[in-house]
Every structure is written in structure tokens, then in C-alpha cells.
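*Asks:* one predicted model, sequence on top.
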Amino acid sequence: MRLRKQARLCIKIGIIIILLLILEATVTQEWSINDVVRLVRGAQEVSLSLTGDDSFFFQVSPPWGKAVLDGKPVEHLPLSTNDTPISLAPGQHTLQWNAEPFPTQSCKFTVPVSSSPQQNCVLTQIADSSRADTIYMVSFPDRLSLKSLAPEQQSALLQAIQSYLDTFQAHETVQPGEPFRYNATSPIQTAAHPLAATLRFLLDTDVNMPTDCQGPLIGVHCQDGQGSDCRLICTRFFPQPDTLNGIPAWDVFVITRPTWTYRAVNAPDAAKDSLEGQAGDQQYTFLQIFWIQHTWHVLVHKAGDSSFDDPNCTLMISNILAISTNTAIQNPSFTSNQNRALGCLATIGVKEAHSQPSNAYFLWRFGVFTAVNPAAHQLQPQLPITDPRLQPVIQEIQRHPAIIS
């Protein structure tokens, strides 16, 4: 009986010592309260570090996946610097990311962080003067692209993107005397008679052709800042991506070509064909991609997210940015109607010395940049003046905008 009492006393003393150690760890901030809760629950998704010398965020894509760390599922992986980074025990760790229909992504890294040859995760140090530990962003060595998918899924995704871009196809008539062209290198022509114009946004995936992206750029040669060819889809990371039916978006850049076809109205087929066949300029287009019920879904970003959300206005934006290098402009906006073929209307605030603020309006129509009003002409006197007959078109764009970026 005496031995039993001694055993119970030892157990009680042991429990008290463990509780004191846990309390000390939380007070010294070596463990967080959440770490203690996970320990008590027995849900050790990740190994906890008592030293706390290194902490980690993670950059993964597509965001609808599930993480596995050291063979154990992770309920919550901190993906944003607004989140709380996790600390890991010393040693080698393996990160896996499972997101259909992509194959499993996997890489290894060590704690404390070192240049170990067994480490193939990319670790980027994040500056944070408010913390005593060193914080790293962990990412996989290769960013997702079209080539990450199996061939049948590549075809399905390309078809989904082009089908979505085709929803912007539009028609308009080039009036006699109105300028038009196909791309930045083709000459501006003047319509001698009415032309039936069709606008399509074509996905460009031909990596064997030269690159010459126009408009705002995120890299050179139609690449992103990491050197990935965006004709094969470039991944962009957002800390809090938009969702569709609860599924977070895979944010990507693709390369599109606004392509015009002009046909003479009531002309013979031979005359119609003579105005076809010239490709549009390459440009970056920002898209959201979702995988829902084993099917690809594609959307553009909501208005105002970036300069690349409306493929109808992207090429015009670089013209406006060129103005801003010489003149202080305010609050530029770019407006498209549901009928994208009507054109893109740019509105910029102008404040000259000793004058009242005013708006300058520019029109991008049939690939030609024109000045709509005197304020615009004063900013860019070399531009052609918008045909006064197009005032109803401009009013239609203003009164019924489909997107303002």
C-alpha cells in the first residue's frame, strides 16, 4: 500500500513538472497558446520548435490544395504575412501540396535554415523588425504552368480559357473616313466605305514564335519577373485570392491578342478576304482559374484589381502612362461597354497651373488612339481628333459600362 502511495505521488509530481514546463514555454513565447492546445489535443500536424529561431510562411499554388508536412496533414498552413508563421523543430522537413488535377508537389528544407544539398525548397527571408526570430517564405522550386498538367488537362484548360475569352467577341461598323488598323506595326488605314469589324481575343500559346508584348509589362519577352513564359501561363500569388463557390482562385497571367477582322459590307467574298489575316499585338491578361467538380472555370478579375483585367483596354493603358511621364494626371480610368468593339474610353484628371481641374478623354477604337476633347488634344496635340460622329458611341460607353479599370 505504501508503494502505491509513493507511485501516485511520483505521478502527481511529474504532471506538475510538465505543466510548469509548458507554462514557462508559453510565458517566454517559445510556444504559442495554440501550440499548447494542439499538444493537449494530440493533433500534432507539425513538429513544434522549442527554440523558435526560424519561423515560416508558405507560398503554394493552386490555393485549393491540401498540405502535408512530414507525412502529416496540416489543418492550417500560414500563406499570408498577415497570418502567424509556424516554428518547426530542428531537422529536415518535407512539404507536400496536393491539388487536383495537378500532380503532388514536394520539396525538402532544413531547420535551422542552411544551404544543405538535400534542400530543394526555395526559402526567401522576410524582413520583420518586430520579431526576434528569422522568418522565411517557403515555396516550391518550380511555379505552376500549363506544362505542370497532364496533356489532356492542358487541352481542357486551354479550351476553357479560349471559350471564356470568346464571350468578349464583338462587332462594330467602321464608318467611311474612320481610321483602323490591325496592330502596332501595321499602318493606319482610312475606310473608304463601311467595314464590318469583328474583335476577338485570342489566346497565344505558340512558344516557337517571337515575342513582342505591348501595353503594361510585368517582364521582358512576354515573361514574368521569374523568367517564365506567360504563353504557357504564369502563376501569380495573392495572399487572399477571390473565391467561386468557396473555391479559391488560381491567379495567372496569360498572353492574348486582340485580333480584328475587317470585311467590306456587301462586297464579294474575294474583297472580304483581302482584309483578313493579320495577328493582333501580344498583351498580358490577368485571369482567375478555378477547378470545380472536375471542370475548369475561368473569370477575369473584378474591376480595379490591376491594369490587366480588361483585355480591351490593356494596349491603351501604355499610351496613357506615356502621357503621365510629362504631365501630372490624376485618377485615370478605363471603360469598356459590353460591346468591346465600340472601343475603350480613358478618362484622366488634369490639373494645370492657374487653371481649374478638368477631364481629358481619349478613345482607343479599331487599334487607333485619338483625342476626344480639347483637354486631351492639349495633352497630346500630335494625336488625331476623334470623329465628332462618334459622340453617340462615346456616350454609350459612358452610360453603360461593363467594366471600369
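*Replies:* Happy to help now that I have it.

*Asks:* use CA for all of it now, contacts and neighbours both
*Replies:* OK.

*Asks:* show me the shaky parts of the stretch 251-400 of the chain.
*Replies:* Residue ranges of the stretch 251-400 of the chain with pLDDT under 70: 267-277, 304-305, 325-326, 352-355.

*Asks:* now do the strands in it.
*Replies:* In the stretch 251-400 of the chain, the segments counted as strands under DSSP state E, counting those that start in this stretch are 283-292, 295-300, 329-337, 344-350, 358-365, 368-371.

*Asks:* what angle sits between the second one and strand 283-292?
*Replies:* Put simply, strand 295-300 runs at 140 degrees to strand 283-292, going by axes from the mean of the first three to the mean of the last three CA atoms, to 10 degrees.

*Asks:* got the contact list for strand 295-300?
*Replies:* Around strand 295-300, the neighbours that count as contacts under CA atoms under 8 Å, 6 or more residues apart in numbering are 156-157, 160-161, 164, 286-291, 309-310.

*Asks:* how close does Q226 get to R143?
*Replies:* Look at Q226 and R143: by CA to CA, to the nearest Å, they are 9 Å apart.

*Asks:* show me where the stretch 1-150 of the chain has helices.
*Replies:* Using DSSP state H, counting those that start in this stretch, the helices of the stretch 1-150 of the chain run over residues 2-27, 33-41.

*Asks:* more crowded one of Q226 and R143?
*Replies:* R143 (16 against 10; other CA atoms under 10 Å).

*Asks:* go ahead and confirm that one touches T235.
*Replies:* Yes - under the criterion of CA atoms under 8 Å, R143 makes contact with T235 at 6.5 Å.

*Asks:* how near is the closest residue to I329 other than its chain neighbours to I385?
*Replies:* Of all residues beyond its chain neighbours, the one nearest I329 is V350 (5.1 Å), with distances taken as CA to CA, 6 or more residues apart in numbering. According to CA to CA, V350 and I385 sit 18 Å apart.

*Asks:* got it, and S106?
*Replies:* S106 is 57 Å from I385, by CA to CA.

*Asks:* name the element T185 belongs to?
*Replies:* Using DSSP states H and E, T185 falls within no helix or strand.

*Asks:* count of neighbours near the residue nearest to I329?
*Replies:* Applying other CA under 10 Å, we find 21 other residues in the vicinity of V350.

*Asks:* and it, what does it touch?
*Replies:* Counting by CA under 8 Å, 6+ apart, V350 makes contact with A328, I329, Q330, P357, S358, N359, A360.

*Asks:* any idea what W291 is bridged to?
*Replies:* Taking DSSP bridges as the rule, W291 bridges to W296.

*Asks:* show me what contacts it?
*Replies:* Contacts of W291 by CA under 8 Å, 6+ apart are E100, I247, H297.

*Asks:* since that was my last question, I'll sign off now.
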